[in-house]
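Q: Pasting the sequence and the predicted model now:
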Amino acid sequence: MIMDYSRSFTTCFSKIFTAFILVSLPLALLPQTSFGSYPYAHCYTNTENFTTNSNYETYLRILNLKLIAKSSSSGFGVTTAGHYKNQKTYGLFLCRGDVSATECKTCVSDASIEISNRCPYNKGAVMWYNYCMLKYLDTEFFGEVDNTAFVYVWKRNSVSDPDAFNLKTRRFLGLLAEKTYADNNPKLYAAGEQRLENSTTLYGFTQCTRDLSSRDCKACLNDALDRLLDCCDGRPGGRVLGGSCNFRYEIFPFLDD
Ligand SMILES: *[C@@H]1O[C@H](CO)[C@@H](O)[C@H](O)[C@H]1NC(C)=O
Ligand SMILES: *[C@@H]1O[C@H](CO)[C@@H](O)[C@H](O)[C@H]1NC(C)=O
């Protein structure tokens, strides 16, 4: 009895303590987002959910294993699992253009677990980490630009001259986008930096999933860049995370994080 009491007391206390930490820390440390917290996720709600122990759940597990296997040797992969309508699932992963194969595989495995916590019964979901994204749907989407899934992430503070800064950021990311969808760039990834007149330097990258043609990558990134103000107006750092392309910029070098 006494043991039970003390155990439940400890549990209760640690829950309160954890809740306290969870509430107080992120406010100070994390960037603000339109949608939950890192790692960022979007659950597609356009189809009915699957249920526990269904074929779809089994095929999703198989899909994730196949994607993880591919991620040990490539920074991008697509695959499917299942055969029949309402059971078949289509998935892809994309690692950021500069990460190693080992980092890529670790990231895709982590994402495959976390995505089922975030979107437990959704037939479609996409999740973005710093190093990779993982996405699946119950319909074939390879080669198509996804303009339904977007998550915005922005720094909480603001720059002193938002209009000038927005313009410079847009121009900088526009140049990176052009490199990203250039014909001789099969990775559909470009990163760079640009010094502003004062001592500030912009760092960023733009990237598309590699199932897209260079023309569709351009369309995707243009759409994402058009969201810059909605997302990150006057913010010294931000990301627009899409189902087919994404970008991030900061005023510090973040690609080695
Ligand atoms: C579908 O599942 C999600 C969790 O993945 C849940 O939030 C949502 O309410 C479910 N929708 C329906 C219609 O059951
Ligand atoms: C440098 O210029 C940018 C863009 O105009 C501005 O947002 C930033 O605050 C400036 N930084 C300093 C240190 O003055």
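A: On my side now, so go ahead. Ligands and ions are numbered 1, 2, ... in the order given.
Q: does stretch 192-207 come close to ligand 2?
A: Yes. Residues of stretch 192-207 are located near ligand 2 by C-beta under 6 Å from any ligand atom, namely 196, 198-200. C-beta: built from backbone N, CA, C; applies to glycine.
Q: What is the most widely separated pair among those residues?
A: Within those, L196 and S199 form the most distant pair, 8.2 Å apart (C-beta to C-beta).
Q: more neighbours, these two?
A: Shown here are L196 and S199; by other C-beta atoms under 10 Å, L196 has more neighbours (14 against 6).
Q: quick one: the helix or strand where N117 lies near ligand 1?
A: Taking DSSP states H and E as the definition, one finds N117 inside helix 101-118. No. Using C-beta under 6 Å from any ligand atom, helix 101-118 stays clear of ligand 1, with a minimum separation of 7.9 Å.
Q: Please could you give me each C-alpha atom of that helix, formatted as PDB?
A: Only the C-alpha atoms of helix 101-118 are listed here, as PDB (Å, rounded to 0.1, in the frame of the first residue of the first chain):
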ATOM      1  CA  ALA A 101      24.100   8.700 -45.800                       C
ATOM      2  CA  THR A 102      24.400   7.700 -42.100                       C
ATOM      3  CA  GLU A 103      22.600  10.900 -41.000                       C
ATOM      4  CA  CYS A 104      20.000  10.400 -43.700                       C
ATOM      5  CA  LYS A 105      19.200   6.900 -42.500                       C
ATOM      6  CA  THR A 106      19.000   7.900 -38.900                       C
ATOM      7  CA  CYS A 107      16.700  10.700 -39.700                       C
ATOM      8  CA  VAL A 108      14.400   8.700 -41.900                       C
ATOM      9  CA  SER A 109      14.100   6.000 -39.200                       C
ATOM     10  CA  ASP A 110      13.300   8.600 -36.500                       C
ATOM     11  CA  ALA A 111      10.700  10.200 -38.800                       C
ATOM     12  CA  SER A 112       9.100   6.800 -39.500                       C
ATOM     13  CA  ILE A 113       8.400   6.400 -35.800                       C
ATOM     14  CA  GLU A 114       7.500   9.900 -34.900                       C
ATOM     15  CA  ILE A 115       5.100  10.400 -37.800                       C
ATOM     16  CA  SER A 116       2.900   7.600 -36.500                       C
ATOM     17  CA  ASN A 117       2.700   9.500 -33.100                       C
ATOM     18  CA  ARG A 118       1.800  12.700 -34.800                       C
END
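Q: now that helix, how far from the centre of its chain.
A: Put simply, helix 101-118 sits 11 Å off its chain's centre (C-alpha atoms, centre = their mean, to the nearest Å).
Q: Who are the contact partners of L60?
A: L60 sits next to 50, 81, 89, 116, 136 when contact means C-beta atoms under 8 Å, 6 or more residues apart in numbering.
Q: Tell me the most packed of these, by neighbour count.
A: Scoring the contacts of L60 on neighbours with other C-beta under 10 Å, the highest-scoring entry is Y136 at 28 neighbours.
Q: State the pLDDT value of S74.
A: For S74, the pLDDT comes out at 95.
Q: so it, which of the three states?
A: Reducing the assignment at S74 to three states with DSSP: H, G, I helix; E, B strand; the rest coil gives coil.
Q: how near is it to H42?
A: Between S74 and H42 the computed distance is 24 Å (C-beta to C-beta, to the nearest Å).
Q: Give me the more crowded residue out of the two.
A: Taking neighbours as other C-beta under 10 Å, S74 and H42 compare with H42 leading, 24 against 13.
Q: Please name the spatially closest residue to the more buried one (chain neighbours excluded).
A: Computed as C-beta to C-beta, 6 or more residues apart in numbering, the closest residue to H42 that is not its neighbour in sequence is A149, at 4.2 Å.
Q: How much space separates the one you found from K88?
A: 20 Å.
Q: Near ligand 2, which residues of this protein are found?
A: Taking C-beta under 6 Å from any ligand atom as the contact definition, the chain meets ligand 2 at 159-161, 164-165, 168, 196, 198-200.
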